[in-house]
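Peer 1: Pasting the sequence and the predicted model now:
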Amino acid sequence: MRLSRYFLPVLKEDPKEAQIVSHRLMLRAGMIKQQSAGIYSWLPLGYKVLNRIQQIVHEEQQRAGHIPLLMPTLQSADLWRESGRYDAYGDEMLRLQDRHKRDMLYGPTNEEMVTDIFRSYVSSYKSLPLTLYHIQWKFRDEMRPRFGVMRGREFLMKDGYNFDLTKEDALHAYNRHLVSYLRTYERMGLQAIPMRADGGPIGGDYTHEFLVLADTGESEVFYDSQITDLKFGDRQIDYDDVAQGQAILEEFTSRYARTDETHDEALFAQVPEERRRTARGIEVGQIFYFGTKYSEAMGATVVTETGERVPVHMGSHGIGVSRLLGAIIEASHDDKGIIWPEGVTPFHVGIVNLKQGDGSTDSACEALYRELKAAGLDPLYDDRDERAGAKFATMDLIGLPWRITVGPRGLAENKVELTSRRTGESEAISPQEAIERLKTIYQPVFAAAYH
RNA sequence: CGGGGCGUAGCGCAGCCUGGUAGCGCGACGGUUUUGGGUACCGUAGGCCGGAGGUUCGAAUCCUCUCGCCCCGACCA
């Protein structure tokens, strides 16, 4: 993309309504525009990152064998009356009526609807296991939206639902989700720690929240520092392997890690003192096994091998897709702006032309731009008629992890500068070498994609 | 929902107390200049002062109501 033809309304000054750094940077980098309290338009740059994140979530869900579909945002109140949640949910649920005065709601989640889909078509144990998921906009009418997309009212969420014959099978689905989530977050350059969570009104012991450590996190967390050494990495796994799934669950959840909701001082005291940590975290996902709560209430049953009709065991598993942008920025920024991890960056590399209008720098930049695209990379070429300082400031603000700087000085020796946004380190290399280096840098990102 | 605060140009703000019909910085646009970290100078455009009602000869300014937004708290992916 050529910046002169793009739509990137960056702000030089901080909008006063934004208190935390991710909100401020998203507004300044022209990623979002607030339209109403807790409701945002996604401007091109923000939309691009949102899509990259969605793509990773889709890939990792499908790699785990989960099946995508799409359910509507508006739901009939009747389904929710069946489960009893229409009255239980409270004012956070946005209720409305259509022209026929039928009660509708903007879905805050989809357990009822997916259960309805399941019961309509599935009646045999032979169809199990099954996990359906979608990435769809949700609405929760928060009393006090804040922190930009971290706690909006409208938000994009991936929610998945497993249907299994037995509790044991459902717990394997639970483990499968845990593994897929670990992979998902790592691909986004995040460390999200599974922490024992509170089952809330639904109850149940099998639930973990995934938290990204950040000073601005909404939850206080307590953990054994050893847990931050755990990496999923690129290990090969078989999502059907029950023992392997259980082993990974134990590996990642055996050390103490809890939010204030479930924190237990006595247990925490058993962690060696030098490893005890108290910090803040941002919740970016949750996995949950809840048994037969909805299947019983809504008649989602299957016939077993022996001819018996039983309610299916279910769980639901969410990733806060839009909130992840905020979480990533909270975890990765400096005083100049955002620093995108390679896995989610809106553009792979920025090209800064220091002397726009100069024949040699213009043509060198054009050539780089063309060749980077031909190499499968997505460059942003700052071809505006601006001074170097303004271009650098924009690149730093929007956080592209790599920058190629092209100026007449270097070009005289066939050199451009390749600069890392994260470290600030530069090297003077030929344009061809720069392209090769970027291909190498992004090779793991492309290799992680699932087709 | 309890407590506090703010709505004046695209963004950040002053003016309000002590009514006289709107200003500054940044940005945008046009020029000159400049060219390796938001350059300098000149010029231009842009606002029914959130909305409604009231007081007054006259309201951004005073009064009433209303809408919106932000912060702290309780609540939440």
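Peer 2: Arrived safely, thanks for sending.

Peer 1: pLDDT score for the closest residue to residue A:420 other than its chain neighbours?
Peer 2: If the residues on either side of it in the chain are set aside, residue A:420 comes closest to residue A:402, at 6.4 Å by CB to CB, 6 or more residues apart in numbering. For every residue, glycine as well, the C-beta is placed using N, CA and C. Looking at residue A:402, its pLDDT is 97.

Peer 1: I figured residue A:402 hits residue A:348, correct?
Peer 2: Yes: counting by CB atoms under 8 Å, residue A:348 is a contact partner of residue A:402 at 6.9 Å.

Peer 1: Find the residues that touch each one of those two.
Peer 2: Shared contacts of residue A:402 and residue A:348 (CB atoms under 8 Å, 6 or more residues apart in numbering): residue A:438.

Peer 1: re the thing from before, if I pick the residue nearest to residue A:420, what's in contact with it?
Peer 2: Taking CB under 8 Å, 6+ apart as the criterion, residue A:402 is in contact with A:348, A:349, A:350, A:418, A:419, A:420, A:421, A:438, A:441.

Peer 1: Could you pick out the buried ones from the residues you listed?
Peer 2: Those of the contacts of residue A:402 that meet the buried threshold are A:348, A:349, A:350, A:418, A:419, A:421, A:438, A:441, by 16 or more other CB atoms under 10 Å.

Peer 1: Where strands are concerned, which of these count?
Peer 2: A:349, A:350, A:418, A:419 (DSSP state E).

Peer 1: where's the third one relative to RNA strand B, distance?
Peer 2: In this view, residue A:418 and RNA strand B are 10 Å apart by CB to the nearest atom of the strand, to the nearest Å.

Peer 1: Same check on residue A:223?
Peer 2: Counting by CB to the nearest atom of the strand, the gap from residue A:223 to RNA strand B is 17 Å.

Peer 1: ok, what's across the strand from that residue?
Peer 2: Note on residue A:223: beta-bridge partners by DSSP bridges are residue A:257, residue A:277.

Peer 1: Might one say that it is in contact with residue A:267?
Peer 2: No: between residue A:223 and residue A:267 no contact is recorded; they are 11.6 Å apart, counting by CB under 8 Å.

Peer 1: Touching both of these two, which residues are there?
Peer 2: Common contact partners of residue A:223 and residue A:267 (CB under 8 Å, 6+ apart): residue A:256.

Peer 1: Comparing those two, which shows the higher neighbour count?
Peer 2: Here residue A:223 and residue A:267 are compared on neighbour count by other CB atoms under 10 Å; more neighbours surround residue A:223, at 25 against 13.

Peer 1: got the contact list for the more buried one?
Peer 2: Under the criterion of CB under 8 Å, 6+ apart, the contact list for residue A:223 reads A:193, A:195, A:255, A:256, A:257, A:258, A:277, A:279.

Peer 1: any idea which of those residues is the one closest to RNA strand B?
Peer 2: The shortest separation between RNA strand B and any of the contacts of residue A:223 is 11.0 Å, and it belongs to residue A:195 (by CB to the nearest atom of the strand).

Peer 1: And the helices in the stretch 201-350 of chain A, which stretches?
Peer 2: When assigned using DSSP state H, counting those that start in this stretch, the helices of the stretch 201-350 of chain A occupy the ranges A:242-253, A:265-268, A:293-298, A:321-331.

Peer 1: quick one, which of those is nearest to residue A:53?
Peer 2: Of all the helices of the stretch 201-350 of chain A, helix A:321-331 sits nearest to residue A:53, with 5.4 Å by CB to CB.

Peer 1: List, one by one, the residues from the stretch 301-450 of chain A near RNA strand B.
Peer 2: With CB under 7 Å from any atom of the strand as the criterion, the stretch 301-450 of chain A meets RNA strand B at residues A:318, A:320, A:322-323, A:336, A:354-355, A:357, A:387-390, A:392-394, A:396-397, A:405, A:407-411, A:417, A:419, A:426.

Peer 1: List buried residues within those residues.
Peer 2: Neighbour counting by 16+ other CB under 10 Å classes A:318, A:320, A:322-323, A:354-355, A:392-394, A:396-397, A:405, A:407, A:410-411, A:417, A:419 among these as buried.

Peer 1: Please list the members of those that lie in strands.
Peer 2: Residues of these located in strands (DSSP E): A:318, A:320, A:405, A:417, A:419.

Peer 1: In those, find the pair that's most separated.
Peer 2: Maximum distance among these (CB to CB): 42.6 Å, for A:318 and A:417.

Peer 1: before we move on, the earlier item: how close does the residue nearest to residue A:420 get to residue A:389?
Peer 2: In this structure, residue A:402 and residue A:389 are separated by 19 Å, where distance is defined by CB to CB, to the nearest Å.

Peer 1: next one: residue A:13
Peer 2: Relative to residue A:389, residue A:13 is positioned 16 Å away (criterion: CB to CB).

Peer 1: cool, and residue A:281?
Peer 2: With distances taken as CB to CB, residue A:281 is found 37 Å from residue A:389.

Peer 1: and if you look at residue A:309?
Peer 2: From residue A:309 to residue A:389 the distance is 72 Å (CB to CB).

Peer 1: and residue A:310, how many neighbours?
Peer 2: As a burial measure, the neighbour count of residue A:310 was computed by other CB under 10 Å and equals 16.

Peer 1: Write down the beta-bridge partners of it, one by one.
Peer 2: residue A:302.

Peer 1: residues in contact with it?
Peer 2: Contact partners of residue A:310, counting by CB under 8 Å, 6+ apart, are A:165, A:301, A:302, A:304.

Peer 1: The first one against residue A:125, yeah?
Peer 2: Yes: counting by CB under 8 Å, a contact exists between residue A:165 and residue A:125, whose distance comes to 5.0 Å.

Peer 1: tell me, what's touching the two both at once?
Peer 2: With contacts taken as CB under 8 Å, 6+ apart, the residues that reach both residue A:165 and residue A:125 are A:302, A:304.
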